[in-house]
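Peer 1: what follows is a predicted structure for the sequence shown.
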Amino acid sequence: MKIRITLLIAILTALASAAFAQTAPETVAKPAPAVKLPAAQEVVAKYVKAIGGREAIEKIKSRTTTGTVEMSPMGLKGTFETVAAAPDRSLAKLTLGGIGDMFEGYDGTVAWSVNPIQGSRDKSGTELLQTKITNDFYRDIRLEKIYPKMTVTGIEKVGDKDAHVVRAEPVGLNADMLYFDVDSGLLVRVDSELVSPVGTQKARTFYDEYKPFDGVMIPTKTRTVLPQVEVTMTVTDAKSNTPVDQARFAKPKV
């Protein structure tokens, strides 16, 4: 689920970048208190168990989600729909009042975007690499393969929760910082750099209000903090294993 949200945030990043040109503050994990930190493998294993377990996750071959989106302080509101299918296909549609429909897709080879702001284009270079990495349908149970190097660096507060901070390093991209609730094991925050045609944007994404859908817990509220812009996305419905026409993931002819 978090991966499909990233697709929509990428669209909004381009929109926000056109309006703002400041840099988000660097966030650095504070040293942990005098306690023994778990290995990254332990943190990841607890997370997988918390969201339902490997067996339940692997039973799901596709997922469709719908919901609402709001951008502040601009006051833009709209709706979104995402369709994703194993192993790495995705389609995201975002409709914003006063702007129209925006689409992002990946067919396993070509990553593309069609929107009123940038027109129609294919992604390449680092942007394409990021799309490939974030589109792994089973990303949640493949974190150790996606991030060959993972290190627990400390414990930080995310809201009122203590979270293990994991520095996760993919190949070819800058490291992400993953925050897992110490008690529940759930992923509650990710600090990352989103690649877009107008440059790289630092982003902090908070995951909240996890709910079970077909045996798997997904966050139904996602808040992403970009430079002077906040994007809040709320899932209103999610369906698993519905038939998906693979042609939907291909770039449309416009």
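Peer 2: Great, that's in hand.
Peer 1: can you show me the strands along the stretch 101-250 of the chain?
Peer 2: 111-115, 119-122, 149-158, 161-169, 176-181, 187-196, 199-213, 216-226, 229-240 (DSSP state E, counting those that start in this stretch).
Peer 1: do you know which of those lies nearest residue 50?
Peer 2: strand 216-226 (6.8 Å; CB to CB). For glycine as for every other residue, the C-beta is placed from the backbone atoms N, C-alpha and C.
Peer 1: neighbouring strands of that closest one in the sheet, and parallel or not?
Peer 2: Sheet pairing for strand 216-226, assigned by DSSP bridges, gives strand 199-213 (antiparallel), strand 229-240 (antiparallel).
Peer 1: mind listing what's buried in the first one?
Peer 2: Along strand 199-213, these residues count as buried under the neighbour rule (16 or more other CB atoms under 10 Å): 200, 201, 202, 203, 204, 205, 206, 207, 210, 213.
Peer 1: contacting residues for the last one?
Peer 2: Residues in contact with residue 213, defined by CB atoms under 8 Å, 6 or more residues apart in numbering, are 63, 238, 239, 240.
Peer 1: lowest-scoring secondary structure element of this protein by mean pLDDT?
Peer 2: The least trusted helix or strand in the chain, going by mean pLDDT, DSSP states H and E, turns out to be helix 2-19, with a mean of 46.
Peer 1: which residues touch stretch 231-248?
Peer 2: 1, 5, 8-9, 12, 16, 59-72, 80, 83, 85, 89, 91, 105, 107, 213-214, 216, 218-224.
Peer 1: would you list the strands paired with strand 216-226 in JSON lines and tack on mean pLDDT?
Peer 2: Shown next, in JSON lines, are the strands paired with strand 216-226 (pLDDT from 0 to 100):
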{"stretch": "strand 199-213", "mean pLDDT": "93"}
{"stretch": "strand 229-240", "mean pLDDT": "95"}
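Peer 1: out of these, which comes closest to residue 146?
Peer 2: Using CB to CB, the strands paired with strand 216-226 put strand 199-213 closest to residue 146, at 16.3 Å.
Peer 1: now that closest one and strand 176-181, what's the angle there?
Peer 2: 30 degrees (axes from the mean of the first three to the mean of the last three CA atoms, to 10 degrees).
Peer 1: any weak-confidence spans in this structure?
Peer 2: 1-34, 254 (pLDDT under 70).
Peer 1: on that earlier part again, which of the contacts of residue 213 has the largest number of neighbours?
Peer 2: residue 63 (23 neighbours; other CB atoms under 10 Å).
Peer 1: these two touch, right, that one and residue 81?
Peer 2: No. Using CB atoms under 8 Å as the test, residue 63 is too far from residue 81 to be in contact (11.4 Å).
Peer 1: still on that earlier bit, what's the ChimeraX line that selects buried ones from the contacts of stretch 231-248?
Peer 2: Of the contacts of stretch 231-248, the buried ones can be selected in ChimeraX as follows, counting by 16+ other CB under 10 Å:
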select :1,5,8,9,12,16,60,62,63,64,65,67,69,70,71,80,83,85,89,91,105,107,213,216,218,219,220,222,223,224
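Peer 1: re earlier: need the buried residues of strand 199-213 in JSON lines with distance to residue 76, can you?
Peer 2: Shown next, in JSON lines, are the buried residues of strand 199-213 (distance: CB to CB, whole Å):
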{"residue": "200", "distance to residue 76": "23"}
{"residue": "201", "distance to residue 76": "17"}
{"residue": "202", "distance to residue 76": "21"}
{"residue": "203", "distance to residue 76": "17"}
{"residue": "204", "distance to residue 76": "20"}
{"residue": "205", "distance to residue 76": "18"}
{"residue": "206", "distance to residue 76": "19"}
{"residue": "207", "distance to residue 76": "22"}
{"residue": "210", "distance to residue 76": "26"}
{"residue": "213", "distance to residue 76": "27"}
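Peer 1: circling back to that earlier point, can I get the strands of the stretch 101-250 of the chain in CSV including distance to residue 52?
Peer 2: Shown next, in CSV, are the strands of the stretch 101-250 of the chain (distance: least, CB to CB, whole Å):
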stretch, distance to residue 52
strand 111-115, 28
strand 119-122, 35
strand 149-158, 21
strand 161-169, 20
strand 176-181, 15
strand 187-196, 13
strand 199-213, 7
strand 216-226, 4
strand 229-240, 11
